[in-house]
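In: Fold the following.
(chains A, B, C and D)
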Number of protein chains: 2
Amino acid sequence: MLTRTAIAPINAKELSRRLPRPGQDINTIMGAVELMGVRMSYARNEEVFGQGEAAEYIYKVVSGAVRICKILDDGRRQVIAFHMPGEIFGLEVEEDHRFSAEAITDAVILVVKRSTVLALAARDGHIANQLWALTTQDLQRVQNHMLVLGCMNAKQKVATFLLQMAKRRCTSDEIELPMPRQDIADYLGLTIETVSRTMTQLENAAAIGMTTSRRIVLRDRAALVQLNA
Amino acid sequence: MLTRTAIAPINAKELSRRLPRPGQDINTIMGAVELMGVRMSYARNEEVFGQGEAAEYIYKVVSGAVRICKILDDGRRQVIAFHMPGEIFGLEVEEDHRFSAEAITDAVILVVKRSTVLALAARDGHIANQLWALTTQDLQRVQNHMLVLGCMNAKQKVATFLLQMAKRRCTSDEIELPMPRQDIADYLGLTIETVSRTMTQLENAAAIGMTTSRRIVLRDRAALVQLNA
DNA sequence: CGATCGCTTGATTCCGATCAACAGGAGTGG
DNA sequence: CCACTCCTGTTGATCGGAATCAAGCGATCG
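Out: Model prediction:
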């Protein structure tokens, strides 16, 4: 069953009384979201927002993971991006969301009114700059992903993906993939079978180890890096 | 031979004396670039800026066309975007260009100091907003292109590309492609042969007509649109 | 316990890449 | 002017990687 629950709504008037805590600086987007955000809980596979919906809020992942995706008319799906804890998503300049966002696992997400953030940005050039920087970061990620989609073969795609995940999770060489194979496939422009086969190949080549299908150990980073050389 | 020539540098002090003309409002990015920009001339295939170079300027295409691309270590190339007359490119938040830009045809390009524009943005929230909007527009284009690269087959890719070009050039149903087949191929994640073959197929299917290899007539838009359904 | 779900593996097909040749201009120089 | 080369684009033949179709396996759950 899908459940969405507000956990700890914060009274706006209470904000000024709060002492600043690390990472909760009202002069940064991240801090502002922490301070003003309402914690919401989403079940696995629950939609956070849908294609075409009004972009009323912006979001920050507290725990769990989120996928941004687009379903084409014929049912094919492209996963545009994954978002991990600490990352902001759903920021739009226009009024509507162009993609949908879904919780990959059960997730806790901070939700803030977009209008509130835009009002902050209008008063404070630094905040406005940070919004721009967030968009730029998204742009860079997507541009990098274009190289993956346009230039790489299956093995290179999967290797790049695993390295990317390891980097973002900062957990040295052991990664816990929150998403199923189908999400990885739709992210990399492959089929689920090809993703599965390729990971088996990488395991047989001793480049990675798989404790379970979701727990991956990077055994030979050099080999993985060399693939996208 | 590659030539780069400044055509009509504009004295900054002279700006205030100029009467505002249509599209030359100092309160818009576009207008500011028109007013402050130095017209530069680039020869076909000349580099406007290179990967890793300092992002000192931002650019607006006056005439001709520009490709933004990335060369991978092994020589493969991904064309990230094409820029047509009227469009701004080369805007970066960070200090360096992550991609290179090259003139596809002989081109005239307005060049403005990035620092000048950023200074304008710091004083004027509207300008800052427009910078953000420009980045957002790039982001949306690239996100759309991800769907092309990740989900479509060759025929769909080429059809989508042609429709896109027709839309941007606003020349009803006849388009003059400024770029060679190789650029299209690297943009769509295909080979030059596949692009060529696919266009021939579309011609045989009476979906398009080719006066020359660069002049395309869209004969059956419905058929083209239906391909990416 | 059967049922469903996520993943893997096998067999076969097919689309696009690759290798190769050629055609039509455009520009160059004798 | 023609012969030449260079460049771009087209076409053909073949190959290979990923998609597709199909089956099976282990885990979780009602």
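In: Show me the shaky parts of chain A.
Out: Along chain A, the parts satisfying pLDDT under 70 run over A:1-24, A:228-229.
In: got the residues of it near DNA strand D?
Out: Chain A comes close to DNA strand D at residues A:Asn153, A:Ala154, A:Lys155, A:Gly189, A:Leu190, A:Thr191, A:Glu193, A:Thr194, as judged by Cβ under 7 Å from any atom of the strand. (C-beta placed from N, C-alpha, C; glycine too.)
In: Now do the helices in chain A.
Out: Assigned by DSSP state H, chain A shows helices spanning A:29-36, A:114-123, A:125-151, A:154-169, A:181-188, A:192-204, A:221-227.
In: With just CA atoms, put the shortest one into CSV.
Out: As requested, C-alpha coordinates have been extracted for helix A:221-227 and formatted as CSV (Å, rounded to 0.1, in the frame of the first residue of the first chain):
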residue,chain,number,x,y,z
ARG,A,221,38.6,-0.1,-10.1
ALA,A,222,41.4,0.3,-12.7
ALA,A,223,39.7,-2.2,-15.0
LEU,A,224,36.4,-0.4,-14.6
VAL,A,225,38.0,3.0,-15.3
GLN,A,226,39.9,1.7,-18.2
LEU,A,227,36.7,0.7,-19.9
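In: For A:Arg214, see how far away the spatially most central residue of chain A is.
Out: Geometric centre of chain A, nearest residue: A:His83, 0.8 Å, by Cα atoms, centre = their mean. Distance of A:His83 to A:Arg214, given as Cβ to Cβ, to the nearest Å: 18 Å.
In: Next: A:Leu35.
Out: In terms of Cβ to Cβ, A:Leu35 sits 34 Å off from A:Arg214.
In: For those two, indicate the residue with more neighbours.
Out: A:Leu35 (21 against 13; other Cβ atoms under 10 Å in any protein chain shown).
In: Surely the more buried one and A:Ile29 touch.
Out: No: here A:Leu35 does not reach A:Ile29: they are 10.8 Å apart, not a contact under Cβ atoms under 8 Å.
In: Now A:Leu190. Its backbone dihedrals?
Out: Phi and psi for A:Leu190, reported as degrees, to the nearest 10, are phi -130, psi 180.
In: Setting aside sequence neighbours, what's the nearest residue to it?
Out: Sequence neighbours aside, A:Ala154 is the residue nearest to A:Leu190 in space, at 5.7 Å (criterion: Cβ to Cβ, 6 or more residues apart in numbering or on different chains).
In: Also A:Asn45?
Out: Per Cβ to Cβ, 6+ apart, closest to A:Asn45 is A:Glu102, 6.1 Å.
In: how far does stretch A:59-76 stretch from start to finish?
Out: Stretch A:59-76 has its terminal residues 26 Å apart, counting by Cα to Cα, to the nearest Å.
In: Is it in proximity to DNA strand C?
Out: No: using Cβ under 7 Å from any atom of the strand, stretch A:59-76 never reaches DNA strand C; the gap is at least 12.9 Å.
In: what residues does stretch A:199-212 touch?
Out: A:Lys155, A:Val158, A:Ala159, A:Leu162, A:Ile216, A:Val217, A:Leu218, A:Arg219, A:Asp220, A:Ala223, A:Leu224 (Cβ atoms under 8 Å, 6 or more residues apart in numbering or on different chains).
In: Which residues belonging to it are considered buried?
Out: Buried residues in stretch A:199-212, defined by neighbour count with 16 or more other Cβ atoms under 10 Å in any protein chain shown: A:Met199, A:Leu202, A:Ala207, A:Ile208.
In: just to revisit the earlier point, any idea how many residues pack against the residue nearest to A:Asn45?
Out: 20.
In: For it, name its beta-bridge partners.
Out: A:Glu102 has these beta-bridge partners by DSSP bridges: A:Glu47, A:Arg67.
In: one step back: now the two most distant members of the contacts of stretch A:199-212.
Out: A:Lys155 and A:Val217 (17.8 Å; Cβ to Cβ).
In: where does the residue nearest to the centre of chain A sit relative to B:Gly37, distance-wise?
Out: From A:His83 to B:Gly37 the distance is 38 Å (Cβ to Cβ).
In: Same question for A:Arg141.
Out: Computed with Cβ to Cβ, the distance linking A:Arg141 and B:Gly37 is 30 Å.
In: and what of A:Ala223?
Out: Distance, A:Ala223 to B:Gly37, using Cβ to Cβ: 48 Å.
In: one step back: what about A:Lys155 and A:Val217, which has more around it?
Out: Between A:Lys155 and A:Val217, A:Lys155 has the larger neighbour count (other Cβ under 10 Å), namely 19 against 14.
In: quick one: contacts for the more buried one?
Out: Counting by Cβ under 8 Å, 6+ apart, A:Lys155 makes contact with A:Thr198, A:Gln201, A:Leu202, A:Leu227.
In: Touching, the last one and A:Phe161? I think so.
Out: Think A:Leu227. No: using Cβ under 8 Å, A:Leu227 is not in contact with A:Phe161; the gap is 11.1 Å.
In: Between those two, which is the more surrounded one?
Out: Ranked by neighbour count (other Cβ under 10 Å), A:Leu227 and A:Phe161 place A:Phe161 first, with 23 against 18.
In: so what's A:Ala32 up against?
Out: Going by Cβ under 8 Å, 6+ apart, A:Ala32 touches A:Asp25, A:Ile26, A:Val112, A:Val117, A:Leu120, A:Ile127.
In: Going through those, which ones are buried?
Out: Judged by 16+ other Cβ under 10 Å, buried ones among these: A:Ile26, A:Val112, A:Val117, A:Leu120, A:Ile127.
In: on that earlier part again, out of the contacts of stretch A:199-212, flag the one nearest to DNA strand C.
Out: A:Ile216 (9.5 Å; Cβ to the nearest atom of the strand).
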